[in-house]
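>>> structure for the following, please:
(chains A, B, C and D)
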Protein chains: 2
Amino acid sequence: MTQVRPMRADARRNYERLLKVAAEAFAEHGENASLDDIAKRAGVGSGTLYRHFPTRQALLEAAYVDRIEALGTRADELAKELPPGEALAEWLYEVCVGTIQVRGMKALLGSAVSDGTNVTLTVCGTHMKSAAQRLVEAAQQEGTLRKDIEPIEVLRLAHGVSTASELANGQGKHIRRYLSLLTDGLRPAAQGE
Amino acid sequence: MTQVRPMRADARRNYERLLKVAAEAFAEHGENASLDDIAKRAGVGSGTLYRHFPTRQALLEAAYVDRIEALGTRADELAKELPPGEALAEWLYEVCVGTIQVRGMKALLGSAVSDGTNVTLTVCGTHMKSAAQRLVEAAQQEGTLRKDIEPIEVLRLAHGVSTASELANGQGKHIRRYLSLLTDGLRPAAQGE
DNA sequence: TACTAAACGGAGACAGTCCCCGCTTACCTC
DNA sequence: GAGGTAAGCGGGGACTGTCTCCGTTTAGTA
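Numbering: from 1, shown residues only, chains lettered A, B, ... in the order given. All right, here's what the predicted structure looks like:
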């Protein structure tokens, strides 16, 4: 219903520029990169930046949607290549790697799966949740994942694993280990689910 | 070796004041509470604050050492009251609760178990690690915890669980659940440790 | 070519960090 | 108690970052 009058050419140009520069800046300096600095590097005034992206979150999300979408696609690829349980495990691994390696993604993924009152970040959250849901349900069908676990819980726990790996430093060297410790806990136990 | 000339009376007074106010401020506003504001509330100039506590970390640590020490004591109490496995589980639960409920503790506990190059935060890190070590070793003796797990890893994973629970919101309502998922993964699996 | 609404941009108000250095005062000595 | 002195104080101010406001510029249209 929103009137979708096409963006003016200069506006579109600035928008793209900002996205490109922002992705670089967040990757380099983390989620707290200076916004005025991003504007400057993109060759626009800070007013322009704030008009296009009212909050840091908005910019962060816009800068990384494509990566998030790529994770969604990746989920489907893995679902075709591997048995459900392994597909889920591998996907979570890749999610964790992204979380740690691309500084700035952590904040985005974190708020994407958070239950806060900020209704803002629908896009990324939706993508991640639907991808997780497909893999989780398949694994549950297969019997390699407890039935009482929600897709979003898996995402939150993966975020926890990322945090733990980050503390251990070493560029995510510990992700596989911590993730497998978690996965063992997720499998149906001998005495029943 | 360090010359331990006793603090001047006014200095000591200010020091105590700052600690008290800082603990309140961090609890209320999280780890990013304004330092100048803390100084003001304590009735001292900001110079005084920065002389006593050169970094935010230093103040954070000083403000919460007693809580950390309490966690150490608590570990021993639990070790007496419960079988090792349960003692460890309960202790981790209390650690997570502290992490979530007292805003500001999270940053402190996080850097206490991080592997970063900042050698600063020895005190809290040491306390936590030694407490964890006692419980972990006992549980391993008992056979309720995999032998290939380091005490510090347990602390890092607990931090991850805190993060995950925080995302779920609800004031730590999910800690027990997420922690038990993790614990199940830590138990020796049927096919061997 | 002229018009107008959309978009720009940067000055400036505000908030936080942290240092510097002239001033104050607790403590010691006599 | 008086005086000397170094320990300690404190707030002004430089700096960095956020975010808004509004006069100016310009793309798109007729």
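
>>> quick one, domains of chain A?
Taking automatic domain parsing as the criterion, chain A consists of the domains A:7-54, A:64-186.

>>> quick one: is stretch A:84-94 near chain B?
No: counting by CB under 8 Å from any CB of the partner chain, chain B is not contacted by stretch A:84-94; separation bottoms out at 12.7 Å. Glycine gets a C-beta too; all of them are placed from N, C-alpha and C.

>>> any idea how far the residue nearest the centre of chain A lies from chain B?
Taking CA atoms, centre = their mean, the centroid of chain A lies closest to A:L109, which sits 3.7 Å from it. To chain B, A:L109 is 10 Å away according to CB to the nearest CB, to the nearest Å.

>>> taking the domains of chain A together, which one is wrapped up most tightly?
domain A:64-186 (a mean of 19; mean count of other CB atoms under 10 Å in any protein chain shown).

>>> output the contacting helices and strands for the top helix by length along chain A.
Identified as the longest helix of chain A according to DSSP state H is helix A:56-81. Here helix A:56-81 touches helix A:9-29, helix A:35-41, helix A:84-101, helix A:105-112, helix A:122-142, going by 3 or more CB pairs under 8 Å, 6 or more residues apart in numbering or on different chains; DSSP states H and E.

>>> need the contact partners of the shortest one.
Surrounding helix A:35-41, the residues in contact under the criterion CB atoms under 8 Å, 6 or more residues apart in numbering or on different chains are A:L18, A:V21, A:A22, A:A25, A:G45, A:S46, A:T48, A:L49, A:Y50, A:R56, A:L59.

>>> could you redo the last one with a cut-off of 10 Å?
Contacts to helix A:35-41, defined as CB atoms under 10 Å, 6 or more residues apart in numbering or on different chains, come from residues A:14, A:17-26, A:29, A:33-34, A:44-50, A:52-53, A:55-56, A:59, A:63.

>>> of those residues, which ones also sit close to DNA strand D?
The subset of the contacts of helix A:35-41 within reach of DNA strand D, by CB under 7 Å from any atom of the strand, is A:S34, A:S46, A:G47, A:Y50, A:T55, A:R56.

>>> what pLDDT does the second one get?
Yep, that's A:S46 we're talking about. Predicted confidence (pLDDT) for A:S46: 97.

>>> for A:V123, same thing?
At A:V123, pLDDT is 85.

>>> A:C124 is in contact with the residue nearest to the centre of chain A, correct?
Yes: under the criterion of CB atoms under 10 Å, A:L109 makes contact with A:C124 at 7.4 Å.

>>> now do the shared contacts for those two.
Joint contacts of A:L109 and A:C124 (CB under 10 Å, 6+ apart) are A:Y64, A:R67, A:I68, A:L71.

>>> which one of the residues you listed is nearest DNA strand D?
A:Y64 (17.1 Å; CB to the nearest atom of the strand).

>>> correct me if wrong: that closest one contacts A:V102.
Yes: counting by CB under 10 Å, A:V102 is a contact partner of A:Y64 at 7.5 Å.

>>> what touches both of those two?
With CB under 10 Å, 6+ apart as the test, A:Y64 and A:V102 both reach A:A23, A:F26, A:A27, A:L108, A:L109.

>>> how much space between the first one and DNA strand D?
In this structure, A:A23 lies at 16 Å from DNA strand D, with CB to the nearest atom of the strand, to the nearest Å as the measure.

>>> my guess is that residue contacts A:R67, does it?
Yes: with contact defined as CB under 10 Å, A:A23 reaches A:R67; the gap is 8.6 Å.

>>> list residues touching both of the two?
In contact with both A:A23 and A:R67: A:V102, using CB under 10 Å, 6+ apart.

>>> much appreciated, bye for now.
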